[in-house]
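Peer 1: mind folding the following:
(chains A, B, C and D)
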2 protein chains.
Amino acid sequence: MRPDGQRRSTIKDVAEAAEVGVATVSRVLSGTGSASRETREKVLAAAARLDYRPSALGRNLRRRRTGGIGLLVPDITDVFYARLADGVLSCARSAGEAVWTGATGDDPEREAHLIGTLIEEGVERVIAVPSGDGEMWGPALRHGLGVVFAERAVAGADHVPAVVSDERTGVRTAVEYLAGLGHRRIAFLARHGQTQRVRAFREALAARGVPVDDELIVQAQATRDAAYAAAAGLLQHRSDVTAVVAGGNLLGEATVLAARELDVRVPRDVSLIMFDDVPWAELCHPPLTVISQSAQDMGYRAAELVLREGRRARSITLPTELIVRASCGPRR
Amino acid sequence: MRPDGQRRSTIKDVAEAAEVGVATVSRVLSGTGSASRETREKVLAAAARLDYRPSALGRNLRRRRTGGIGLLVPDITDVFYARLADGVLSCARSAGEAVWTGATGDDPEREAHLIGTLIEEGVERVIAVPSGDGEMWGPALRHGLGVVFAERAVAGADHVPAVVSDERTGVRTAVEYLAGLGHRRIAFLARHGQTQRVRAFREALAARGVPVDDELIVQAQATRDAAYAAAAGLLQHRSDVTAVVAGGNLLGEATVLAARELDVRVPRDVSLIMFDDVPWAELCHPPLTVISQSAQDMGYRAAELVLREGRRARSITLPTELIVRASCGPRR
DNA sequence: ACACATGATGGAATCGTTTCCATGAGACCG
DNA sequence: CGGTCTCATGGAAACGATTCCATCATGTGT
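Peer 2: Numbers count the residues shown, from 1 in each chain, chains lettered A, B, ... in the order given. Predicted structure coming up:
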């Protein structure tokens, strides 16, 4: 791995090469303290000659703080989380911070394990789309980690700031739009754990005077297969539904696929609104009407929050937007 | 950030609490060396009581090696790279390694900067989709980093192992499929830097006896806007093209969009083959015929390679697969 | 009973950096 | 000219872990 067998040069090597003390080298290179022009040049020259890079290990150990941000998302393959990660990466880059990424797979156990690694690694700032409950995050908080939640909040951890989108309004907008088109039998296809959205769905229905049918609220695990099964089951079993709200882009994708498979035409037979405006929503046939939430922004804001060390961070709610395309029509 | 104002407990604290020496604590906790059952229990109890986590900083400094893998991709938002990242994450998790992620934006300067950060951070294994040339990677290699390239190889760095897909065969398959349908005016929409694919395209054309028209090979930057501009320009300027091969999912997306905008029907007016099988390829109208390459596998294999420290790693070429859907038809 | 092996244990060195502190050399002012 | 102040500089401690080595107690074989 190290072909020349030559070990990495340290500050001591530079000090010797420049014929000064290590303290002087450190001062010159970090820009703190004072040094004569002559010494500065000597040090800089020696450092360049030896291709010296200060080791973050030594520095961090001394300073007792590691830089870097931990980022925990359920699935980096999901466009929504990829965009969220991109927002975090972007903010971290402008702050000069490195980002440590982990995929939890929505599994609290894996999440706990990743948090453990994070703590050992000395990362002290974490942005997470939490899978576990409040209790699970106790150890992390007790260890003094700066945590910011994104996309979801955790019930038992109200003091942890969170960046979420205004799901209530988003769901209500979708329901009112569909109700306005005359739909009464509206189904909600949710990912497990989207309790907020389910509640908002119930409320919105109630507000329009539409009776809530529990059978029309189906929850699925966050995998393609589970989503497809849920969507197909719903469309097959309840042929009376005339509109579907999908709680995420995976669910939306599954619904389109299942509808096509079952020869259910969108929007003639059922109308469809999906959460998340992904690129393919426009490419899809028909182009999908969506509730857009800016994942990128969400990630960026979360990173800002977690980097703002001192002050107590407040939670942030981001707006959602209804983007009308062609997947909704009047009740058949 | 640390509400209880209580600093993180160290091995020394545990040693005092358990009334033993620090060496003993280290031995018990790391499982090396021997210790009596009694002491072991005392230490374990004390560690649990103090919620002790060994600091990776101290350990790594002493061992003079940091764990962890650096991952550099152009854009995490691109499904292909997201999947590649997922493969890396998956392999790293089973090896118990942490992953530092950075987005280069296909900018050699940003890439160089990220490499610098990685080196300072003590990360000594990097998986990269390289943007810069061989010269740019010199410093990294001289520093003894274990580098593995993914998706693309770098011309000036032949000794660096790379995991790429068999672009030559992939392109040839696409061209032969189209030529078999009677197409003669076939355009290739490439991302800047896809020299391998462009060359393969020329060769495949020549092999079929089709004259190569340089104007039908257009290269675009790796952004949505640039891709759209290139696709629209091609379709508008050269109405004689009857088939397009898109060198990536971004280019494919742009082509679909541009075609729709310009009222060019797929596949009636032009046939389209896209590199990368992304979920929306099936949802698209019409469903897209694609050259599939397993990004996930690519990431996993790259991670395997970079983790296999000792032995000299060989490059790997992954197969591609033509998946026929409905975006290609006979020449009009 | 003695030499020796074995096992348990703690002290101290070490890793590479930052930073506190002491020292020495000029500079400046009265 | 002497006192004080500032600036440049280097030695050494500290950070938290691992690990070498010395020490001591306890068997064990002859």
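Peer 1: which parts of stretch A:30-38 are buried?
Peer 2: Neighbour counts using 16 or more other C-beta atoms under 10 Å in any protein chain shown place residue A:35 of stretch A:30-38 among the buried residues. C-beta coordinates here come from the backbone N, C-alpha and C atoms, glycine included.
Peer 1: average model confidence for that stretch?
Peer 2: In this model, stretch A:30-38 has a mean pLDDT of 89.
Peer 1: just give me how far it sits from the chain centre.
Peer 2: Centroid separation for stretch A:30-38 versus its chain: 42 Å, with C-alpha atoms, centre = their mean, to the nearest Å.
Peer 1: need the residues that contact it.
Peer 2: Residues outside stretch A:30-38 that contact it (C-beta atoms under 8 Å, 6 or more residues apart in numbering or on different chains): A:24, A:27, A:28, A:43.
Peer 1: straight-line length of it, end to end?
Peer 2: Start and end residues of stretch A:30-38 are separated by 17 Å (C-alpha to C-alpha, to the nearest Å).
Peer 1: of the contacts of stretch A:30-38, which belong to helices?
Peer 2: A:24, A:27, A:28, A:43 (DSSP state H).
Peer 1: and the residues you listed, which is closest to DNA strand D?
Peer 2: Using C-beta to the nearest atom of the strand, residue A:24 comes nearest to DNA strand D of those, at 3.2 Å.
Peer 1: so where's chain A shaky on pLDDT?
Peer 2: For chain A, applying pLDDT under 70 flags the ranges A:1-6, A:309-311.
Peer 1: show me which residues of it sit near DNA strand D.
Peer 2: Those residues of chain A that sit near DNA strand D, judged by C-beta under 7 Å from any atom of the strand, are A:19-24, A:27, A:33-36, A:38-40, A:58, A:61-62, A:64.
Peer 1: try 10 Å this time
Peer 2: Proximity of chain A to DNA strand D is confined to A:11-12, A:15-16, A:18-28, A:32-40, A:42-43, A:57-64, A:120, A:122 under the rule C-beta under 10 Å from any atom of the strand.
Peer 1: following the longest helix seen in chain A, which helix or strand comes up?
Peer 2: Identified as the longest helix of chain A according to DSSP H is helix A:79-94. Scanning forward in sequence from helix A:79-94 by DSSP states H and E, the next helix or strand is strand A:99-103.
Peer 1: list the contacts for the closest residue to DNA strand C within the stretch 151-300 of chain A?
Peer 2: Using C-beta to the nearest atom of the strand, the single residue of the stretch 151-300 of chain A nearest to DNA strand C is residue A:161, 28.0 Å away. Neighbour list for residue A:161: A:148, A:149, A:305, A:313, A:314, A:315, A:316 [criterion: C-beta under 8 Å, 6+ apart].
Peer 1: could you do residue A:8 as well?
Peer 2: Counted by C-beta under 8 Å, 6+ apart, residue A:8 has contacts A:53, A:55, B:143, B:144.
Peer 1: now the nearest residue to residue A:181 once chain neighbours are set aside, what's its secondary structure?
Peer 2: Computed as C-beta to C-beta, 6 or more residues apart in numbering or on different chains, the closest residue to residue A:181 that is not its neighbour in sequence is residue A:330, at 5.0 Å. Per DSSP: H, G, I helix; E, B strand; the rest coil, the local secondary structure of residue A:330 is coil.
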